[in-house]
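# show me the folded form of this:
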Amino acid sequence: MTQDAAPRRFNADPQHGAKDLRLVRVDTYNAELEDPTGKGFLGDRASNRSFIAMLEDWRVRVRRGNNGVDPLEGTVGEGTPTHQIDRGELDDLLQAADEDPEAAGLVHSAIEEFAHEMAGVVRRFLRLPAWQGTERIAVGGGFLEARVGLMAIGRVGILLKAQGEPIQITPVSRHPDEAGLCGAVHLAPPAVLEGRNAILAVDIGGTNMRVGLIGLGPAQDGSGARVLASERWRHADEHPDRNDAVARLAEMLRGLAGQADQERLRLAPFVGIGCPGVISADGTIERGGQNLPGGGWEGAGFNLPARLQEALPDIAGRRPHIVVHNDAVVQGLSEAHRMRDVRHWGALTVGTGLGNARFSNRVQQAA
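Have a look, this model is predicted:
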């Protein structure tokens, strides 16, 4: 037996920032909880930046009580700033705890502090009316590329359960670079995908911009979507203005479209885009795009899908259908096929900030 968890009618031609999609209803996204201390948003306590700040604070405190000696320097190098430490190096420290327990203990301390902060943020989300009844939260983003991030998320789940919160915390199953691309499959109008086996997708963040050529797979729930080819540009290193960033994005998309043609893929005339912020029905970013390259992405004066349509060639003899949605929504959609056994679920993305989205399954399958 099935039951309709979201009775609103699905629009077969989804628009930018749509609430009603084929498999789910997007109950809310981009919730901006103010930090009670008055320092920005509460989600900033559970971001990549906050973890780096916590790790730096622990290094300073340990040096102060250890005659200036930093246990991490034996692995990361003397004088290495915390923001330049690779997550893989922190993973190595954790794995070598028997050789250098102090260094591993320092990293564990930062993980524990971060987990407590994030657990507090999750509890606040769960108190919001649109988040009540949430049964599971998938956590993704670049923070989970390493063991450090996975351990922190595991600890968040333990803390919440110990505090009586009946919630499951699970990592997004796909690699962070792929989840934000594969989820775009759910934004495509079904008619555009007929007879096609691939789409183009974009994931724009505050540090990186990714484009992907996505194979659709036979299943209609998105479970078979996979990245066939991709390109990542770390725009934070180059500090481009907005126009240069859009031009680079269009160039990367044209390159992947050409690759699809060379490989004789049946590319759909569609581009799905995930980016930070609240997305209006016309594709403009109302707010939340302040970290995007060069600034000026917000407001009615700039329309990303319109700009891209001007810069991209026809695909399969048609102008490409471009749909923009919030990046946490798109990353969450990559997990939709794994959430069919619950009714209400959410997604959090730990990156430059903390993206968030909450969903209700449109059709609940029998257990």
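
# so what touches stretch 101-113?
Stretch 101-113 is contacted from outside by 51, 54-55, 58-59, 62, 71-72, 74-75, 90, 93-94, 96-97, 148, 151-152, 155, using Cβ atoms under 8 Å, 6 or more residues apart in numbering. Bear in mind the C-beta positions are built from the backbone N, C-alpha and C, glycine included.

# what about 6 Å?
54, 55, 58, 62, 71, 72, 90, 93, 94, 97, 151, 152 (Cβ atoms under 6 Å, 6 or more residues apart in numbering).

# okay, residue 203: pLDDT?
Predicted confidence (pLDDT) for residue 203: 96.

# scratch that, residue 8 is what I was asking about
So residue 8 comes in at 57 (pLDDT).

# at which residues are the helices of the protein located?
Using DSSP state H, the helices assigned to the chain run over residues 48-64, 73-76, 87-95, 101-127, 147-162, 176-182, 190-193, 242-262, 304-311, 327-333.

# with distance to residue 350 added, can I get those helices in TSV?
Formatted as TSV, those follow (distance: least, Cβ to Cβ, whole Å):
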stretch	distance to residue 350
helix 48-64	7
helix 73-76	22
helix 87-95	12
helix 101-127	8
helix 147-162	7
helix 176-182	9
helix 190-193	31
helix 242-262	23
helix 304-311	24
helix 327-333	10
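
# by mean pLDDT, show me the worst of the ones you listed.
helix 73-76 (a mean of 84).

# sorry, back to before: buried subset of the contacts of stretch 101-113?
Neighbour-count burial (16 or more other Cβ atoms under 10 Å) applied to those gives 54, 55, 58, 62, 71, 72, 90, 93, 94, 151, 152.

# any chance of the residues you listed in TSV, with distance to residue 292 too?
Converted to TSV, those look like this (distance: Cβ to Cβ, whole Å):
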residue	distance to residue 292
54	26
55	26
58	31
62	36
71	37
72	32
90	28
93	33
94	33
151	30
152	26
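
# let me know the closest of these to residue 133.
residue 152 (25.4 Å; Cβ to Cβ).

# please identify the most buried of the helices of the chain.
helix 327-333 (a mean of 31; mean count of other Cβ atoms under 10 Å).

# put the alpha carbons of stretch 116-131 into CSV.
The C-alpha trace of stretch 116-131 is given here as CSV (Å, rounded to 0.1, in the frame of the first residue of the first chain):
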residue,chain,number,x,y,z
HIS,A,116,28.8,19.2,20.0
GLU,A,117,28.3,22.4,18.1
MET,A,118,26.7,20.7,15.1
ALA,A,119,24.5,18.6,17.3
GLY,A,120,23.2,21.8,18.9
VAL,A,121,22.6,23.2,15.4
VAL,A,122,20.7,20.1,14.3
ARG,A,123,18.5,20.3,17.5
ARG,A,124,17.6,23.9,16.6
PHE,A,125,16.6,22.8,13.1
LEU,A,126,14.4,20.0,14.5
ARG,A,127,12.5,22.5,16.5
LEU,A,128,11.5,24.5,13.4
PRO,A,129,7.9,23.8,12.4
ALA,A,130,8.9,22.7,8.9
TRP,A,131,11.5,20.3,10.3
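
# what does that stretch contact?
27, 28, 33, 42, 45, 46, 156, 159, 160, 358.

# can you pull the contacts of the first one?
This points to residue 27. Residue 27 sits in contact with 130, 358, 360, where contact means Cβ under 6 Å, 6+ apart.

# what about those residues, which one has the most neighbours?
The most neighbours of any of the contacts of residue 27, using other Cβ atoms under 10 Å, belong to residue 358, which has 28 neighbours.

# beta partners for that residue?
residue 28, residue 346 (DSSP bridges).

# just the pLDDT at it, thanks.
97.

# surely it meets residue 26?
No - the criterion here is Cβ atoms under 6 Å, and residue 358 misses it with residue 26 at 7.6 Å.

# so which bits of stretch 220-240 are buried?
222, 223, 225, 227, 228, 229, 230, 231, 233, 235, 240.

# could you check how far residue 177 is from residue 80?
Per Cβ to Cβ, to the nearest Å, residue 177 is found 25 Å from residue 80.

# quick one: terminal-to-terminal distance for stretch 193-213?
14 Å (Cα to Cα, to the nearest Å).

# okay, domains of the protein per the record?
The chain breaks down by automatic domain parsing into domains covering 31-173+336-360+363-367, 175-333.

# any chance of those in a markdown table, plus distance to residue 16?
Below are the domains of the chain laid out as a markdown table (distance: least, Cβ to Cβ, whole Å):
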| stretch | distance to residue 16 |
| --- | --- |
| domain 31-173+336-360+363-367 | 15 |
| domain 175-333 | 4 |
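
# so which of those is nearest residue 15?
Using Cβ to Cβ, the nearest of these to residue 15 is domain 175-333, at 5.2 Å.

# first to last residue in that closest one, what's the distance?
Length of domain 175-333, first residue to last, Cα to Cα: 14 Å.

# ditto for stretch 65-77
Stretch 65-77 end-to-end distance (Cα to Cα) = 20 Å.

# distance check, residue 65 against residue 59.
11 Å.

# just residue 305 next, same as before
44 Å.

# check residue 66 too.
Relative to residue 59, and taking Cβ to Cβ, residue 66 is found at 10 Å.

# kindly report the same for residue 289.
Residue 289 is 33 Å from residue 59, by Cβ to Cβ.

# OK, contacts around residue 349?
140, 141, 328, 331, 355.

# OK, contacts around the last one?
By Cβ under 6 Å, 6+ apart, the residues touching residue 355 are 327, 328, 349.

# TSV for those, including distance to residue 244?
Below are the contacts of residue 355 laid out as TSV (distance: Cβ to Cβ, whole Å):
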residue	distance to residue 244
327	21
328	26
349	25
